[in-house]
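[1] Have a look at this prediction, sequence included:
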Amino acid sequence: MKISAHSVTLQLRVPFKISYGASTTRENVLVSIDEGVGEGAVVPYYGETPQRIISYVQSREVQKAVDHFSIEDLRLPPGESSAARAAVDLALHDLWGKQQGHPLYRLWGLNPANCPRMSYTIPMSDDDDTYRQMLREKQGYPLIKLKLGSGSLEKDLWMVKTAAAEMDGTLCVDANNAWTADQALTIIPQLIDLGVLFVEQPVGRYDMDGWRKISTELPEDRPPLIADESVQGVDSISPLAGLADGINIKLAKCGGLFPARQMIHQARELGMKIMLGCMVETSVAITAMSHLAPLADYLDLDGNQLLIHDPFMGMTVDEHGTLTLPDAPGLGVTPRAE
């Protein structure tokens, strides 16, 4: 099969600021395998680069795996880049769906009517008026996720209180592993009265002691705790059982749809909630993950909405957070006219 890969520069509508820093552009990699298309998100704070993804995709080992792939047991060469594996995995799933003549969710026996509502992410801002404006632009949206981790608990709490006063929808928060356990124990009880739906990655990625501390010392009426950075693949789920209430699965972390489905199965067996998340990605990767939406409790698949120009069309979300999956075979994405 013919494999090709190239990078694409994505311009963001507004600076996207989280605890790791701010960015105005991202450079992702698009992969084609015959008629199948995939995407690898280049996440700087994970050490990804476009060239590392492209080198993996063009390797002899990947070509051999692609030529003999089985969608029921999609084992790709490990490599160093999970985003690169995701790009190949997505392209193969798209190709398989097109060969079968059906969208992926239908081939998996999933019902789009079971999709939860989508959240929309509000990044941090150094300017208070800009922050309020970002909130006002999403007034009426049913579920808003606030990025926290400003370096100041007072500032973090101000952002949540401001959003609670400005917004009609439900709030959830994501600290992106910026807090210590003691800081989390200070701020999370104050979020309860503000009706926060869940708290994502409150402590450091590798801070298992922190997870144990907050899971035992927070009040019983606390919002669910969702692990993001602490969960990369299947093997990292079970150590968090009983500490985190759920996991956030992202294609660029786990390596594609095949391992994402494995993670969903493993987490459900452990009684954990499922959140499907994303990086800054085009509608290729966002639509791909959306095919698993009927299996999730929470959806945070808005990375394509952050772009000035999304080069693809696929899934859509209305002003009520309702997700509509494409009916076309495979991923169901098509190039957008320039």
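    Perfect, I can see it now.

[2] Check the offset of stretch 180-197 from the chain's centre.
    How far stretch 180-197 lies from its chain's middle: 23 Å, per C-alpha atoms, centre = their mean, to the nearest Å.

[3] can you list contacts of that stretch?
    143, 153, 156-157, 160-161, 164, 170-173, 175, 179, 199, 202-204, 207, 209-210, 213-214, 217-219, 221-224 (C-beta atoms under 8 Å, 6 or more residues apart in numbering). Heads up, the C-betas are built off the backbone N, CA and C, glycines and all.

[4] go on, stretch 202-218?
    Looking at what lies outside stretch 202-218 - C-beta under 8 Å, 6+ apart - the contacts are 175, 177, 179-181, 184-185, 188-189, 225, 227, 229-230, 239-240, 242-244.

[5] do stretch 267-279 as well
    Residues outside stretch 267-279 that contact it (C-beta under 8 Å, 6+ apart): 26, 41, 43, 200, 224, 226, 228, 237-238, 240-241, 244-252, 260, 264, 285-286, 289-290, 292-293, 295-303.

[6] Please name every helix or strand in contact with the longest strand seen in the chain.
    Longest strand in the chain, counting residues (DSSP state E): strand 3-18. For strand 3-18, the packing partners by 3 or more C-beta pairs under 8 Å, 6 or more residues apart in numbering; DSSP states H and E come out as strand 21-33, helix 50-57, helix 60-67.

[7] Mean neighbour count for the ones you listed - can I get that in JSON lines?
    Formatted as JSON lines, those follow (neighbours: other C-beta atoms under 10 Å):
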{"stretch": "strand 21-33", "mean neighbour count": "19"}
{"stretch": "helix 50-57", "mean neighbour count": "21"}
{"stretch": "helix 60-67", "mean neighbour count": "14"}
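
[8] So which of the ones you listed is nearest Pro116?
    The closest of the helices and strands packed on strand 3-18 to Pro116 is strand 21-33. By C-beta to C-beta, the value is 25.9 Å.

[9] Let me see the mean pLDDT of that closest one.
    Strand 21-33 shows a mean pLDDT of 93.

[10] Can you check what angle separates it from strand 3-18?
    With axes from the mean of the first three to the mean of the last three C-alpha atoms, to 10 degrees applied, the angle from strand 21-33 to strand 3-18 works out at 160 degrees.

[11] how far out from the middle of the chain is strand 21-33?
    14 Å.

[12] Direction included, what does that strand pair against?
    Applying DSSP bridges to the sheet, strand 21-33 is found paired with strand 3-18 (antiparallel), strand 36-40 (antiparallel).
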